[in-house]
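I'll drop the sequence and a predicted model, then ask my questions.
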Amino acid sequence: MATLRPVTTLAADTKRALRGSIPAGVSRAQRVALGALVLIAVSVAFRAWIVSGAWFYADDYQWLADVARGDAGIGWMFSAHDSQFMPLGLALAQLTGSAGVFVWPVAAAEMVILQAMAGIACWRMLSVLFGSRPEILVLLASYLFSVFTLPTVTWWAVSLNQLPLHIALFAGVTTHVLYLRTGKRRYVAWTSLWLTLGFLSYVKTLLIMFILVMIALLYFASGGVWARIGGCLRRYWTAWMAYAALTAAYLYVYVVYVPNPISGDGDVDYLALTDTLVRTSLGPGLLGGPWRWSDWSPPVLTADTPEALVTASWFVVIAAGLFLLVTRRRAWRVLLVFVPYLAVTIYLVGEGRAWVMGPVVGAEFRYLADVAALLPLVVGLAWLPLRGARETVERRATVPLVPRRGLLLTASAVLVAISATASSIPYALAWHDNWQTRAYVGNARQSLDDAPSPPRLADYGVPMDDLGGFLLFPYNQPKYFLAPVSDQFSTTVAGNDLSALDPSGHITDAGVSGGIQVPVEPNSGCGLLISERTRVPLGASTIDYQFWVEVGYITGADSTLRFEAGDNRVDVGIRRGLHTLLIRTDGVYDSVTFDPAPGATICVDRISIGNLEAR
């Protein structure tokens with residue numbers, strides 16, 4: 001009977017076999033580079049699968065509408081969008097919108113390419129800062145497979161904000177450290193270029209400035225606080241002048257032309273928000289969680305980690321952090337970078353979102369996506385020596401080495417990667433299953449293709465449930481969210497026999513539901529006979545809201561009619577035969593008035609006032 005070989009022998013044999021598969025003469029740096037490229041390729045392939053099944057959502061439709069309607073010029077790209085100054089993202093949105101009608105593959109390609117660029121930039125940063133050593137592969141994998149960045153490969157609008165920021169962070173830190181080492185001014189120019197990329201994408205680029213300053217103070221200076229500040233100002237003044245000028249220009253543009261993103265009027269429970277964003281989201285996410293998602297607002301899932309796993313996650317995270325603090329001198333310094341960054345993130349989420357949505361918003365991972373980009377840097381600074389620095393982490397000589405630490409580290413990294421993949425798949429499938437909006441638009445397009453002539457659609461806001469509950473006025477109107485195919489239909493606020501989109505997106509007859517039903521007294525079998533200006537009391541009053549008036553009528557000849565209701569006055573054509581007239585109104589009124597053209601006679605058999613619906 002064959003005997004099982006010890007695990008240690010199997011591990012050694014495997015290691016020797018892997019080494020044997022690498023040609024002789026290949027350096028460690030080359031092996032690390034090969035490993036990095038493999039990790040990047042695998043992560044890009046996995047995320048390409050994720051994004052391939054997603055589709056446009058929320059803000060995405062606004063951008064496509066603006067491009068299709070001809071509003072997406074240079075001024076549009078440099079205007080504020082939802083309190084964000086993001087010309088680069090809007091330029092990419094214009095590229096997708098100009099490529100065709102709802103061309104998701106172009107948007108998906110943008111996301112995948114940006115993801116690949118971010119991965120390469122992360123690898124470059126880690127190599128420059130810490131050298132081509134196997135440990136950087138663990139740090140690289142922590143970013144490439146992070147669950148916090150899942151929104152950047154599912155939601156197009158988020159990716160165009162976040163991924164350029166990640167690239168700017170990785171590349172900016174790289175060139176900034178090269179300047180701190182060498183003093184060569186060309187690296188200042190490169191860093192300024194990367195900062196510009198960030199500023200053209202996301203306001204949180206301002207925090208990259210904070211990171212650059214702290215790296216210089218903590219690792220490329222020595223002495224007390226004032227000695228460090230003075231030394232950095234003298235030695236690196238060129239960089240500070242360039243960065244300050246760039247930041248000042250950006251702040252001027254942002255303050256003058258962009259609405260304040262943190263102007264919320266409501267109270268924020270920061271304790272509850274911090275508990276949600278940090279304790280129940282960040283901790284498990286660092287280990288590949290949350291392992292369970294909540295789908296209260298699909299397709300955007302939020303973390304819903306079981307409480308026992310939250311506690312267990314933080315036990316592991318704190319133990320790992322304490323290990324670094326105990327075994328390495330100066331490891332604590334990264335807290336001076338990470339804690340303020342996280343605190344600002346909590347504040348921005350609180351003032352920008354939580355005052356409306358409540359603390360639950362902290363469970364949405366898009367608000368931690370840039371924190372995921374920061375983690376490889378701060379963990380690396382607490383773990384590995386920073387090459388060329390005046391002061392850096394050092395392993396304490398009095399602390400014994402952990403036996404088989406390489407095997408332990410590799411196993412831990414693999415487990416976290418598997419955990420992250422397990423959490424990523426259900427998140428991706430939620431976006432793949434987001435058939436509602438895709439089918440809605442698809443059905444509308446098919447109805448338009450099948451129509452014998454371009455239909456006239458009522459100019460109304462489609463109910464939120466029909467579009468996934470996300471498009472805000474006026475972008476929930478057909479002339480906006482169907483703008484890429486606007487040549488196939490027209491919209492109006494007053495007309496005969498108008499059409500509407502039903503809950504599945506098919507085009508059908510429009511009508512009025514609920515509201516006020518006006519009794520029509522018959523007159524010689526005609527219903528309400530109108531041959532001159534006639535005022536009709538409603539028997540009730542509307543409220544100050546937008547309602548539609550439905551008038552069923554029959555007439556013997558084409559003519560015109562003036563309709564009045566409160567401050568609403570509309571001249572509309574009437575058509576020979578039996579028809580339904582629909583008119584959009586605003587404000588308060590308790591009667592309607594019909595004023596037909598001279599010689600015209602119409603018979604009205606019903607008058608209804610309420611919400612427009614598809615029948």
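In hand now; what should we look at? Residues are numbered from 1 along each chain as shown.

tell me the mean pLDDT for stretch 249-263?
Averaged across stretch 249-263, the pLDDT comes to 82.

then stretch 128-144?
Stretch 128-144 comes out at a mean pLDDT of 95.

got the buried residues for it?
128-132, 135-144 (16 or more other Cβ atoms under 10 Å). Using the backbone N, CA and C atoms, a C-beta is placed for each residue, glycine as well.

same deal with stretch 33-50?
In stretch 33-50, counting by 16+ other Cβ under 10 Å, buried: 35-36, 39-40, 43-44, 46-48, 50.

name the residues that touch the helix or strand hosting Leu207?
Assigned by DSSP states H and E, Leu207 belongs to helix 206-219. Contact with helix 206-219 is made by 165, 168-169, 172-173, 176-177, 180, 191, 195, 198, 228-229, 232, 236, 239, 243, 247, 250-251, 333, 336-337, 340-341, 344, 370, 374, 377, 381, 386, 389-392, as judged by Cβ atoms under 8 Å, 6 or more residues apart in numbering.

after that helix, next one along is what?
helix 225-235.

what does the average pLDDT come to for that next one?
Rounded mean pLDDT across helix 225-235 is 94.

show me the shaky parts of this protein.
The model of the chain has pLDDT under 70 over residues 1-25, 261-266, 402-404, 464-469, 523-524.

residues in contact with the residue nearest the centre of it?
By Cα atoms, centre = their mean, the chain has its centre lying nearest to Val158, at 2.4 Å. Taking Cβ under 8 Å, 6+ apart as the criterion, Val158 is in contact with 151-152, 366, 369.

list the buried residues of stretch 232-248.
For stretch 232-248, using 16+ other Cβ under 10 Å, the buried residues are 232, 236, 239-240, 242-243, 246-247.

just checking, which of the residues you listed belong to helices?
232, 239-240, 242-243, 246-247 (DSSP state H).

which pair in these has the greatest spatial separation?
Cys232 and Leu246 (17.9 Å; Cβ to Cβ).

which among the buried residues of stretch 232-248 gets closest to Ala109?
Closest to Ala109, out of all of those and judged by Cβ to Cβ, is Leu246, at 30.1 Å.

residue contacts, the closest one?
Residues near Leu246 by Cβ under 8 Å, 6+ apart: 192, 195-196, 199.

swap the cut-off to 7 Å and go again
Leu246 sits next to 192, 195-196 when contact means Cβ atoms under 7 Å, 6 or more residues apart in numbering.

what's the answer for Ala369, then?
148-149, 151-152, 162.

strands - which of the residues you listed land there?
Judged by DSSP state E, the subset of the contacts of Ala369 located in strands is empty.

can I get stretch 176-185 in CSV, CA atoms only?
Output of stretch 176-185 as CSV, limited to C-alpha atoms (Å, rounded to 0.1, in the frame of the first residue of the first chain):
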residue,chain,number,x,y,z
HIS,A,176,6.1,61.6,-7.0
VAL,A,177,8.2,59.0,-5.2
LEU,A,178,10.7,59.0,-8.2
TYR,A,179,11.0,62.8,-7.8
LEU,A,180,11.5,62.5,-4.0
ARG,A,181,14.3,60.0,-4.7
THR,A,182,16.0,61.8,-7.6
GLY,A,183,15.0,65.4,-7.5
LYS,A,184,14.4,65.3,-11.3
ARG,A,185,11.8,67.8,-12.2
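
tell me which residues in it are buried?
Result for stretch 176-185 [16+ other Cβ under 10 Å]: buried residues 176-180.

just stretch 376-392 next, same as before
376-386, 389, 391-392.

ok, residues contacting that stretch?
122, 126, 129-131, 135, 139-140, 142-143, 173, 181, 219-222, 324, 328, 330-331, 334, 337-338, 393.

those residues in strands, which ones?
Arg328.

so of the contacts of stretch 376-392, which ones are in helices?
122, 126, 129-130, 135, 139-140, 142-143, 173, 181, 219, 324, 337-338.

okay, the angle between the helix holding Leu207 and helix 225-235?
110 degrees (axes from the mean of the first three to the mean of the last three Cα atoms, to 10 degrees).

go through helix 206-219 and flag the buried ones.
In helix 206-219, counting by 16+ other Cβ under 10 Å, buried: 206-209, 211-219.

from these, which is closest to Pro299?
Leu207 (28.6 Å).

in helices only, show me the contacts of Ala369.
Using DSSP H, the contacts of Ala369 in helices are Gln162.

okay, the contacts of Ala369 in CSV with neighbour count and distance to Pro503 next?
Shown next, in CSV, are the contacts of Ala369 (neighbours: other Cβ atoms under 10 Å; distance: Cβ to Cβ, whole Å):
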residue, neighbour count, distance to Pro503
Phe148, 24, 35
Thr149, 29, 34
Pro151, 23, 27
Thr152, 29, 31
Gln162, 27, 33
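
distance of Leu150 relative to Ala420?
To Ala420, Leu150 is 9 Å away according to Cβ to Cβ, to the nearest Å.

one more: Gly198?
26 Å.

Ala557 now?
Counting by Cβ to Cβ - Ala557 and Ala420 are separated by 72 Å.

could you do Trp155 as well?
18 Å.

again, but for Trp55
From Trp55 to Ala420 the distance is 24 Å (Cβ to Cβ).

so who does Tyr187 touch?
Contacts of Tyr187 by Cβ under 7 Å, 6+ apart are 175, 178-179.

tell me which of the buried residues of stretch 176-185 fall in strands.
Short answer: those have none in strands (DSSP E).

how about CSV for the residues you listed, with distance to Val300 added?
Formatted as CSV, the buried residues of stretch 176-185 follow (distance: Cβ to Cβ, whole Å):
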residue, distance to Val300
His176, 34
Val177, 36
Leu178, 39
Tyr179, 40
Leu180, 40
